[in-house]
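Visitor: Test case, fold it:
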Amino acid sequence: LEWTKTLGGAEEDRFYAVAVTLDGGIAAVGDTYSDGGNFGPAKGGRDAVVARFGPDGELEWTKTLGGADDDWFNEVAVAPDGGLAISGTTISDGGDLGPTKGESDAVVARFDQNGELAPS
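Guide: Below is the predicted model of the structure:
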């Protein structure tokens, strides 16, 4: 065992998928019901989260996205430039993940290696 980390807040927090980054770190995606701790600020309902750890296990950054209803990320891949390609689902109508098209919608997001959303 090289390292372990526990992230979250007072409510339920989960990671569903991880990917090894180009430098040997880890990117993890999931969801949170917490407002505070390592995630936040809360957007409402369950929010989509992404976290980036360095090769030494140190947390480099986290992002929380969503709207008033439930949103989550469940897949992550590392791009050739070190950024992250993430997929998930949104039920929120508005918020960070855009307006919904219906009951629930598929979401794809692209982050650069510093945790910034890539321009669309």
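
Visitor: partners of V20 in the sheet?
Guide: Per DSSP bridges, the residues bridged to V20 are I26.

Visitor: That one and A27, how far apart?
Guide: Between V20 and A27 the distance is 8 Å, computed by CB to CB, to the nearest Å. Where you see a C-beta, it was placed from the backbone N, CA and C, and this is true even at glycine.

Visitor: In terms of helices and strands, where is the spatially most central residue of the chain?
Guide: Centroid check for the chain by CA atoms, centre = their mean gives V50 as the closest residue, at 2.1 Å. Secondary-structure element containing V50, defined by DSSP states H and E: strand 47-53.

Visitor: Could you spell out the sheet neighbours of that strand, each with its direction?
Guide: For strand 47-53, sheet partners with direction are given as strand 26-32 (antiparallel), strand 59-65 (antiparallel), following DSSP bridges.

Visitor: low-scoring stretches of the chain, by residue?
Guide: With pLDDT under 70 as the threshold, the chain has low-confidence stretches at 120.

Visitor: And for G102, the neighbour number?
Guide: Residues contacting G102 under the criterion other CB atoms under 10 Å number 7.

Visitor: any idea how far Y16 is from V78?
Guide: Taking CB to CB, one finds V78 at 16 Å from Y16.

Visitor: Who has more neighbours out of these two?
Guide: It is V78, of V78 and Y16, that has more neighbours when counted by other CB under 10 Å, with 18 against 14.

Visitor: Surely the more buried one and V29 touch.
Guide: No: with contacts counted by CB atoms under 8 Å, V78 stays clear of V29, the gap being 11.8 Å.

Visitor: Number of residues surrounding E60?
Guide: Burial of E60 is recorded as 15 neighbouring residues (other CB under 10 Å).

Visitor: now do G57
Guide: A total of 12 residues lie near G57 under the criterion other CB under 10 Å.

Visitor: Go ahead and confirm it touches W3.
Guide: Yes: in terms of CB under 8 Å, G57 counts as a neighbour of W3; the distance is 3.4 Å.

Visitor: Appreciated, that's everything.
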